[in-house]
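[1] here's a sequence, model it:
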Amino acid sequence: MKILFLPISLLFISVLYSQSDKMNNSDSSKFEVAYSYGISYLEYADGNPEDPLNLSVSPFGSFQELNFDFRLPKNRYIGLGLSRQQHRESIDRSLVFNDSVELLLSDYDNILQTNYIDVHFRQVFKNGFQLTFGLYYLNQTENRLQIVVFENFTGFRLSSDTINDAGIFISPEYFFDINTYFELGLKAKAYYTFGVFEAITLLPTARFKI
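    Predicted coordinates for the structure are as follows:
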């Protein structure tokens, strides 16, 4: 229910605006706020080969974002975006090390979470088509397995590993107007970092014009 709260709120507010001020038009809107929630595909979901346990996640996960855009001349926009991607999988697995130490994971909820912040540029074309591209910075947290070796003892320790990186993204989009202040659409986004696609997403989106 929390996921649906923001787009429903935007729809409600847009209806109020359209009823209270029908004389205004979309050309007077200088700012736009958009919320998206959809699915993402992860090409490296199988895990880290260097990890002894090599914990995996589902290749399909959730992706949500919040964008703030400022209108420029000629149907162009510049903006800031905040996004979160999450892939998870329930794992039942055991690992034996040196024929003596065993690690057992039962119904372990493995989560890979990536947070993005981006600066982007958007061009609006005719017939509802739009194109966005930009630069992003990401912070990713994944579960890792460490082998701890003492003088007469070997054990395992589960920990979190944080990765920071940057890259570029592109997003073809299609939107249609609901009223003067509100529109709905669909985005397809691809995030790329040094030879790896961090995310390929499909995102239903609600956009509110201020």
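[2] verify the stated contact: Q130 with F121.
    No. Using Cβ atoms under 8 Å, Q130 is not in contact with F121, being 11.1 Å away. Every C-beta, even on glycine, is put in place using the N, C-alpha and C of the backbone.
[3] between the two, who's got more neighbours?
    Between Q130 and F121, counted using other Cβ atoms under 10 Å, Q130 has the larger neighbour count: 18 against 15.
[4] list the buried ones in the lengthiest strand in the chain?
    Ranked by residue count and defined by DSSP state E, the top strand of the chain is strand 154-179. Judged by neighbour count using 16 or more other Cβ atoms under 10 Å, the buried positions of strand 154-179 are 156, 167, 169, 171, 173, 175.
[5] now do stretch 192-210
    Buried, per 16+ other Cβ under 10 Å, within stretch 192-210: 193, 198-201, 203, 205-209.
[6] now it, how far from the chain's geometric center?
    6 Å (Cα atoms, centre = their mean, to the nearest Å).
[7] do stretch 81-99 as well
    18 Å.
[8] quick check: mean pLDDT of it?
    Mean pLDDT, stretch 81-99: 82.
[9] what about this protein, any weak spots by pLDDT?
    Residues of the chain meeting the criterion pLDDT under 70: 1-28, 47-53, 96-102, 145-157.
[10] state the next helix or strand along the chain beyond the longest strand of the chain.
    Scanning forward in sequence from strand 154-179 by DSSP states H and E, the next helix or strand is strand 182-193.
[11] quick one: that following strand to strand 154-179, angle?
    Going by axes from the mean of the first three to the mean of the last three Cα atoms, to 10 degrees, strand 182-193 is angled at 150 degrees with respect to strand 154-179.
[12] show me which residues of strand 182-193 are buried.
    For strand 182-193, by 16+ other Cβ under 10 Å, it's 182-185, 187, 189, 191, 193.
[13] stretch 116-134 now?
    116, 118, 120, 122, 124, 130, 132, 134.
[14] excluding its backbone neighbours, what's nearest the first one?
    It refers to Y116. Nearest non-adjacent residue to Y116, counting by Cβ to Cβ, 6 or more residues apart in numbering: S83, 4.0 Å away.
[15] turn the buried residues of strand 182-193 into TSV, including distance to L95.
    Formatted as TSV, those follow (distance: Cβ to Cβ, whole Å):
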residue	distance to L95
F182	52
E183	51
L184	48
G185	46
K187	40
K189	36
Y191	32
T193	30
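[16] quick check, nearest of those to I163?
    T193 (9.9 Å; Cβ to Cβ).
[17] who's in contact with the closest residue to the closest one other than its chain neighbours?
    Leaving aside its sequence neighbours, T193 sits nearest to G167 (Cβ to Cβ, 6+ apart; 3.4 Å). G167 sits next to 135-136, 138, 191-194, 198 when contact means Cβ atoms under 8 Å, 6 or more residues apart in numbering.
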